[in-house]
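Novice: With the input below, show me the fold.
(one chain, ligands or ions: 1)
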Amino acid sequence: MTGLVVGVLGCMAERLQQQLLDKHRGVDLVVGPDAYRDLPRLLSSLQGHPCTSGISRGNLEQSHSRQQGAINVALSRTETYEDVEPVRPAGQTGAWLSIMRGCDNLCAFCIVPFTRGRERSRPLQSILDEVKRLSDRGVKEVTLLGQNVNSYTDFSHVPGPRPLPDQSDPFSSYAQGFSSIYKPRRQGAKVFADLLHEVAAVNPEMRIRFTSPHPKDFGPDVLQAISEHANIAKQLHLPAQSGSSSMLHQMRRGHTREAYDQLVQSVRDAIPGIALSTDLISGFCGETEEEHAATLDLVLRTHYDQAFIFAYSERSRTFASRHLMDDVPADVKSTRLGEVIAAFRQIQAARNQAEIGRIHLVLVEGAAKRQPDDLTGKTCSMKRVIIANQPAAQSLAAMPNTHIQNTRQQMPWNSSLVNVRGPQAEPSKDSPLENTISLAAGDYAAVYIQSAATALGPEPFSIISPNFAAGR
Ligand code: SF4
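Specialist: Numbering: from 1, shown residues only. Predicted structure coming up:
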């Protein structure tokens with residue numbers, strides 16, 4: 001063996017496991033997502049130097065090395081890597097921060113519980129400490145990450161075993177009408193709403209996002225936290241998967257279409273103007289034309305701002321692969337997928353057009369890819385914006401007009417570094433802007449939207465690109 005080691009790490013390693021060593025001769029090392037602490041031992045064993053220092057904690061159940069390779073794909077019930085902070089390059093405007101791992105939901109189609117294991121959450125204090133360090137480094141946006149991020153449940157401050165589920169209504173912490181195949185244990189825990197309150201308070205000028213959530217965990221406490229803190233992004237991902245109650249049952253999603261519609265209404269009542277996104281699957285096992293029509297109806301009524309739409313593709317080890325027939329023909333799946341995408345595009349184009357004339361607070365990320373002379377960034381609602389790279393007013397106070405008065409009310413914080421783009425704000429020979437600055441990555445700018453894209457680029461077959469609105 002040369003000094004070069006080829007390893008496959010993460011979910012794919014967990015899914016294919018030994019096959020990677022058996023079928024792919026160039027692969028030396030296969031490591032699942034819960035076994036990274038074992039890497040020093042595995043690498044040493046490949047080089048013929050047994051090492052025992054790699055496993056420091058966790059319930060590692062399967063770890064062995066072989067002459068032709070080394071593998072550890074054991075899943076852990078405790079590993080959260082809470083004390084392993086990622087190496088982050090200096091000058092980053094945003095950072096991702098893992099708060100929990102795994103998923104207990106076992107939706108019929110999904111491989112995640114088999115590749116990421118059971119749910120476990122990082123202690124809240126370790127998250128706050130990391131957010132504080134990011135804030136001190138000048139990071140302006142933090143995205144909390146987890147496979148089921150709003151299921152966050154931290155018992156690290158409670159001695160002894162977890163309490164039993166509440167027998168009277170085990171799903172009382174869920175959104176109304178939602179359940180799951182497991183009974184959550186949350187009494188006495190720090191839950192997602194607690195975490196949001198505390199993270200948002202670390203630095204009110206740092207924007208907080210999170211992904212990927214499950215709709216069941218958007219109880220009133222979470223909606224209240226999002227509504228209360230101006231620096232929590234007003235954008236929610238509400239994966240629907242289908243608009244049909246019978247399909248949702250088949251998918252083991254734990255709710256009906258009616259419960260989902262009710263949740264959408266509750267979200268919009270609690271957080272007016274919030275942007276919604278979703279995931280949808282076309283052609284799941286047994287899907288009828290009526291069930292497909294229900295998904296089209298959901299898209300047309302819910303008015304999502306963004307959607308990730310897939311044709312169903314079976315994954316081994318899932319409930320669906322073991323118990324259901326993947327019986328919707330490929331051409332039917334493809335037709336239905338095209339129809340759902342077309343319905344979504346119709347809605348999205350209208351929602352993009354409605355942005356014209358609004359002002360959004362945009363976190364500038366840097367030069368725009370396709371127009372490098374311009375800048376780009378994202379709105380609070382997660383829409384990408386192109387901003388003309390011109391001198392900008394340093395303060396809203398310099399721009400007294402109606403738009404700005406409205407904007408000031410929307411501004412999550414009293415930033416001294418904001419920029420207004422719009423007919424009234426453009427500098428001219430006769431009326432130059434005073435106290436102007438050049439915008440740069442990491443600045444928050446108030447951007448007046450002057451035009452919006454109506455098309456979304458090349459025909460996407462699986463993923464719809466993020467919305468695109470131009471403010472120049
Ligand atoms: S779809 Fe989401 S909630 Fe369902 S099993 Fe997969 S990760 Fe969990």
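Novice: Neighbours of the nearest residue to residue 376 once chain neighbours are set aside, how many?
Specialist: Nearest residue to residue 376, sequence neighbours excluded (C-beta to C-beta, 6 or more residues apart in numbering): residue 368, at 4.0 Å. Every C-beta, even on glycine, is put in place using the N, C-alpha and C of the backbone. The number of residues packed near residue 368 is 18, by other C-beta atoms under 10 Å.
Novice: how many other residues sit next to residue 221?
Specialist: Residue 221, neighbours per other C-beta under 10 Å, totals 14.
Novice: tell me the SS of it?
Specialist: Using DSSP: H, G, I helix; E, B strand; the rest coil, the structure places residue 221 in helix.
Novice: Would you check how far apart the closest residue to residue 263 other than its chain neighbours and residue 254 are?
Specialist: Closest residue to residue 263 apart from its sequence neighbours, by C-beta to C-beta, 6+ apart: residue 175 at 4.9 Å. In this view, residue 175 and residue 254 are 10 Å apart by C-beta to C-beta, to the nearest Å.
Novice: who touches both of these two?
Specialist: residue 216 (C-beta atoms under 8 Å, 6 or more residues apart in numbering).
Novice: which SSE is residue 12 in?
Specialist: helix 11-16 (DSSP states H and E).
Novice: What helices and strands are in contact with that helix?
Specialist: Under the contact definition 3 or more C-beta pairs under 8 Å, 6 or more residues apart in numbering; DSSP states H and E, helix 11-16 sits against strand 29-31, helix 112-116.
Novice: is that helix up against the ligand anywhere?
Specialist: No - against the ligand, helix 11-16 shows no contacts by C-beta under 6 Å from any ligand atom, the least distance being 11.2 Å.
Novice: And the pLDDT at whatever residue of the stretch 151-300 of the chain ends up closest to the ligand?
Specialist: In the stretch 151-300 of the chain, the residue found nearest to the ligand is residue 214; the distance is 4.8 Å by C-beta to the nearest ligand atom. pLDDT for residue 214: 97.
Novice: nearest to the ligand, of the helices and strands packed on helix 11-16?
Specialist: helix 112-116 (3.7 Å).
Novice: How many residues are close by the closest residue to residue 157 other than its chain neighbours?
Specialist: Residue nearest to residue 157 in three dimensions, not counting chain neighbours: residue 190, with 6.9 Å by C-beta to C-beta, 6+ apart. Number of residues near residue 190 (other C-beta under 10 Å) recorded here: 21.
Novice: I'd like to know the phi and psi angles of residue 190, please.
Specialist: When read as degrees, to the nearest 10, the backbone of residue 190 gives phi -80, psi 120.
Novice: where's the residue of the stretch 301-450 of the chain at minimum distance from the ligand relative to residue 286, distance?
Specialist: Taking C-beta to the nearest ligand atom, the ligand has its nearest neighbour within the stretch 301-450 of the chain at residue 318, 8.8 Å off. Distance, residue 318 to residue 286, by C-beta to C-beta: 15 Å.
Novice: same check, this time on residue 447
Specialist: Distance from residue 447 to residue 286, by C-beta to C-beta: 46 Å.
Novice: And those two? Which one has more around it.
Specialist: residue 447 (31 against 15).
Novice: Okay, and the beta partners of that one?
Specialist: residue 360 (DSSP bridges).
Novice: same question for stretch 292-310, mean pLDDT?
Specialist: Mean predicted lDDT for stretch 292-310 stands at 97.
Novice: Please identify the buried residues of that stretch?
Specialist: 292, 294-296, 298-299, 302-310 (16 or more other C-beta atoms under 10 Å).
Novice: And for stretch 319-328?
Specialist: 319-320, 324, 326, 328.
Novice: cool, stretch 83-96 as well?
Specialist: In stretch 83-96, counting by 16+ other C-beta under 10 Å, buried: 92-95.
Novice: Alongside the ligand, which residues does the stretch 201-350 of the chain contribute?
Specialist: residue 214.
Novice: where along the stretch 201-350 of the chain do the helices fall?
Specialist: Here the stretch 201-350 of the chain has its helices, by DSSP state H, counting those that start in this stretch, at 220-228, 245-250, 257-270, 289-302, 319-323, 330-353.
Novice: In contact with residue 299: list those residues for me.
Specialist: With C-beta under 8 Å, 6+ apart, residue 299 has these contacts: 243, 280, 307, 340, 343-344, 347.
Novice: at 10 Å what do you get?
Specialist: 240, 243, 278, 280, 307, 309, 339-348 (C-beta atoms under 10 Å, 6 or more residues apart in numbering).
Novice: Same check on residue 127?
Specialist: 80, 82, 97-100, 121, 142, 144, 152, 154, 190, 195, 198-199, 202.
Novice: In contact with the residue nearest to residue 376, which residues are there?
Specialist: 374-377, 384-387, 389, 470.
Novice: now it: how far from residue 375?
Specialist: Taken as C-beta to C-beta, the span from residue 368 to residue 375 is 6 Å.
Novice: ditto for residue 236
Specialist: Applying C-beta to C-beta to residue 236 and residue 375 gives a distance of 27 Å.
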